[in-house]
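Trainee: quick one: sequence plus predicted model below, questions after.
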Amino acid sequence: MENRSFDVSFELRMDPFYIPPGGKYPIFFLGVAIYFFGIFCNLTLLSLIILQRNLHKPMYFILFSLPLNDLIGITAMLPKVLSDIVTETNKVYYPLCVLQGFLLHMYGGGILFILAAMSFDRYVAICMPLRYSSVMTPRVVILIISFVWGLDFVLIVSLFSLQARLPRCRSVIMNVFCDNPSLLKLTCGNASINNITGLFNTAVMQLVSVSIQAFSYVRILIACVVSRRSEAKMKAVNTCVAQLVIFIVFEITGTFTILSHRFKNISADLRKIMGMLIFLVPPLLNPLVYGLYTCEIRCTFLRVFKNRISG
């Protein structure tokens with residue numbers, strides 16, 4: 001039995017995908033293209049929010065957290081997976097594995113809390129337009145952003161801190177990246193507290209996110225039906241569609257991944273692929289969805305692009 005939880009020299013071995021002969025480099029270059037496209041889209045959105053004064057509004061200050069969170073998720077997962085595909089070493093030191101798992105879980109919780117904060121901002125803007133400036137003050141925006149990242153950090157720290165108390169008796173991560181369920185499978189002690197904490201943290205994240213979004217969208221829908229202004233209705237519909245698409249895609253992939261660890265008859269490769277989609281689809285989808293559905297971002301991007309070409 002091994003009990004070297006913080007031994008920096010302790011190596012873990014990842015369980016790789018099955019890659020058909022001749023498929024290694026095509027998959028690698030496809031992954032590199034996906035990674036750089038995701039980085040480009042999210043950095044572009046971040047740059048627009050930072051540099052363009054017309055986007056210096058509460059909505060976009062909160063939205064700023066979304067591409068930042070996406071960069072954390074895709075960078076924590078994809079480069080290591082691509083490196084393992086090419087080198088075929090499939091090894092990682094335990095502390096780096098824990099760090100990867102921590103960042104990936106921060107990313108997952110971050111999406112839920114950020115989308116909840118954004119839906120609340122849109123609720124205030126659409127349902128209380130005359131009070132928006134007095135409600136969403138700079139201080140309130142800072143508090144909302146701090147709450148989003150702070151609660152996420154506390155929940156994930158509480159989850160991973162429990163790993164240190166358990167002895168390890170295995171050294172193979174049954175996944176292509178490190179996460180809490182995979183790390184937990186390395187242990188041979190009583191993990192009931194870890195499981196309860198994990199379920200509790202997941203329930204808190206889902207409850208906070210879903211309840212805030214449900215409240216906001218219901219109120220927005222009511223305001224949309226009551227309002228006689230077509231532009232107000234379109235604004236509400238576009239806002240809801242953009243955020244609901246992101247939320248639904250994340251929930252579907254996340255739910256499948258969580259359930260896949262509970263059922264042994266699910267293909268290991270399918271579980272790995274679905275697990276990766278959580279960290280690939282939202283970072284690619286989020287900036288595109290907000291670029292298409294948010295007129296101010298779309299118009300700002302086109303204006304900057306035209307100015308760069310003409311200049």
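Mentor: Yes, it's here. From a predicted model like this one, the values you see are computed outputs, not experimental measurements. Numbering: from 1, shown residues only.
Trainee: in the stretch 201-311 of the chain, which spans are helices?
Mentor: Taking DSSP state H, counting those that start in this stretch as the criterion, the stretch 201-311 of the chain carries its helices at 230-260, 268-293, 295-310.
Trainee: just put these in JSON lines and tack on mean pLDDT.
Mentor: Below are those laid out as JSON lines (pLDDT from 0 to 100):
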{"stretch": "helix 230-260", "mean pLDDT": "72"}
{"stretch": "helix 268-293", "mean pLDDT": "82"}
{"stretch": "helix 295-310", "mean pLDDT": "81"}
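Trainee: list the buried residues of stretch 249-259.
Mentor: 249, 250, 253, 254, 256, 257 (16 or more other Cβ atoms under 10 Å). (Each C-beta comes from the backbone N, C-alpha and C, glycine too.)
Trainee: what's in contact with the helix or strand where residue 133 lies?
Mentor: Using DSSP states H and E, the secondary-structure element containing residue 133 is helix 132-135. Outside helix 132-135, the residues that touch it by Cβ atoms under 8 Å, 6 or more residues apart in numbering are 58, 124, 125, 128.
Trainee: quick one: pLDDT of residue 150?
Mentor: Per-residue confidence (pLDDT) for residue 150: 96.
Trainee: what comes into contact with the host helix or strand of it?
Mentor: Residue 150 belongs to helix 138-161 when elements are defined using DSSP H and E. If you take Cβ under 8 Å, 6+ apart as the criterion, helix 138-161 is touched by 58, 61-62, 65, 98, 101-102, 105-106, 109-110, 113-114, 116-117, 120-121, 180, 194, 197-198, 201, 204-205, 208.
Trainee: enumerate every residue touching the residue lying closest to residue 54 once chain neighbours are set aside.
Mentor: Once flanking residues are discounted, residue 54 sits nearest to residue 300: 6.3 Å by Cβ to Cβ, 6 or more residues apart in numbering. With Cβ under 8 Å, 6+ apart as the criterion, the residues that contact residue 300 are 48, 52, 54, 55.
Trainee: having no further points to raise, I will conclude here.
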